[in-house]
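[1] Show me how the following folds:
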Amino acid sequence: MKFFVLLIIAYLLGSIPSGVWVGKLFFKKDLRQFGSGNTGTTNTFRVLGKKAGITVLLMDILKGTLATSLPLLFSLDVNPLVFGVAAVLGHTFPVFANFKGGKAVATSAGMILAYNPAFFVYSALIFIITLYITSMVSLTSMISAVLITLSTIILPFAIPGILPQFDWLLTLIAIALTIFIFIRHKENIQRIKDGTESRVPFGLGSKK
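    You can find the predicted model right below:
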């Protein structure tokens, strides 16, 4: 019974529409009506600015971290990633925002932070370096998802100090999230092909 209650709580934590709430509360804007219409970090930066974007990023990461930490907080012997996935599903299909949410990246990062802080830092470095090279958040998200998924297989054997042991559930979730992230970015993929995808104002790709 405790398992199912906490699973629902994890989903509800993920369902908190950070971008929508920050936009409406402080800017009197509904993110779903501006930019890409997405409620995640990237569209928040684009529509509401840097401070709002950072706030939403931290809130979305925190959702994943709190949800993944629930088994530890309530002494439940189960892989915490299960609750992290529930939060990611809540983030992408939030009950509090008509099931229209973000693209799973930030909340997935929060899940990794709670699961293994060292692997989170490693994954964040992959994201930052890739973003510097591409200057495109969408392309960076997809490339990083692939590299991080491969890392869940390679690191336990190559650098166990970062990921001590192979966790088949972590790899399975990483594969599923990678596929999901690619699906959620299908419009971005088309814009990348067309050369019209938005770029951040820094990095090597910003000079093109």
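[2] How is the chain divided into domains?
    1-115, 116-208 (automatic domain parsing).
[3] Just the helices from this structure, written as ranges.
    For the chain, the helices defined by DSSP state H cover 2-15, 18-27, 41-48, 50-73, 81-92, 105-115, 117-134, 137-158, 168-184, 186-194.
[4] possible to save those helices as JSON lines with mean pLDDT, mean neighbour count and distance to Pro201?
    From N, CA and C alone the C-beta is placed, and that goes for glycine too. Output for the helices of the chain, formatted as JSON lines (pLDDT from 0 to 100; neighbours: other CB atoms under 10 Å; distance: least, CB to CB, whole Å):
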{"stretch": "helix 2-15", "mean pLDDT": "95", "mean neighbour count": "18", "distance to Pro201": "30"}
{"stretch": "helix 18-27", "mean pLDDT": "91", "mean neighbour count": "19", "distance to Pro201": "21"}
{"stretch": "helix 41-48", "mean pLDDT": "87", "mean neighbour count": "23", "distance to Pro201": "11"}
{"stretch": "helix 50-73", "mean pLDDT": "94", "mean neighbour count": "20", "distance to Pro201": "11"}
{"stretch": "helix 81-92", "mean pLDDT": "96", "mean neighbour count": "26", "distance to Pro201": "26"}
{"stretch": "helix 105-115", "mean pLDDT": "95", "mean neighbour count": "26", "distance to Pro201": "20"}
{"stretch": "helix 117-134", "mean pLDDT": "96", "mean neighbour count": "17", "distance to Pro201": "12"}
{"stretch": "helix 137-158", "mean pLDDT": "96", "mean neighbour count": "19", "distance to Pro201": "12"}
{"stretch": "helix 168-184", "mean pLDDT": "95", "mean neighbour count": "17", "distance to Pro201": "24"}
{"stretch": "helix 186-194", "mean pLDDT": "92", "mean neighbour count": "13", "distance to Pro201": "17"}
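[5] The ones you listed: which one's closest to Phe202?
    helix 117-134 (7.4 Å; CB to CB).
[6] now the closest one, how far from the chain's geometric center?
    13 Å (CA atoms, centre = their mean, to the nearest Å).
[7] Not counting that helix itself, show me its contacts.
    Helix 117-134 has contacts (CB atoms under 8 Å, 6 or more residues apart in numbering) with 109, 112-113, 137, 139-141, 143-144, 147-148, 151, 155, 161-163, 200, 202-205.
[8] can you rerun that using 6 Å?
    With contacts defined as CB atoms under 6 Å, 6 or more residues apart in numbering, helix 117-134 is touched by Ile112, Leu113, Thr140, Ile143, Ser144, Leu147, Ile148, Ile162, Leu163, Gly203, Leu204, Gly205.
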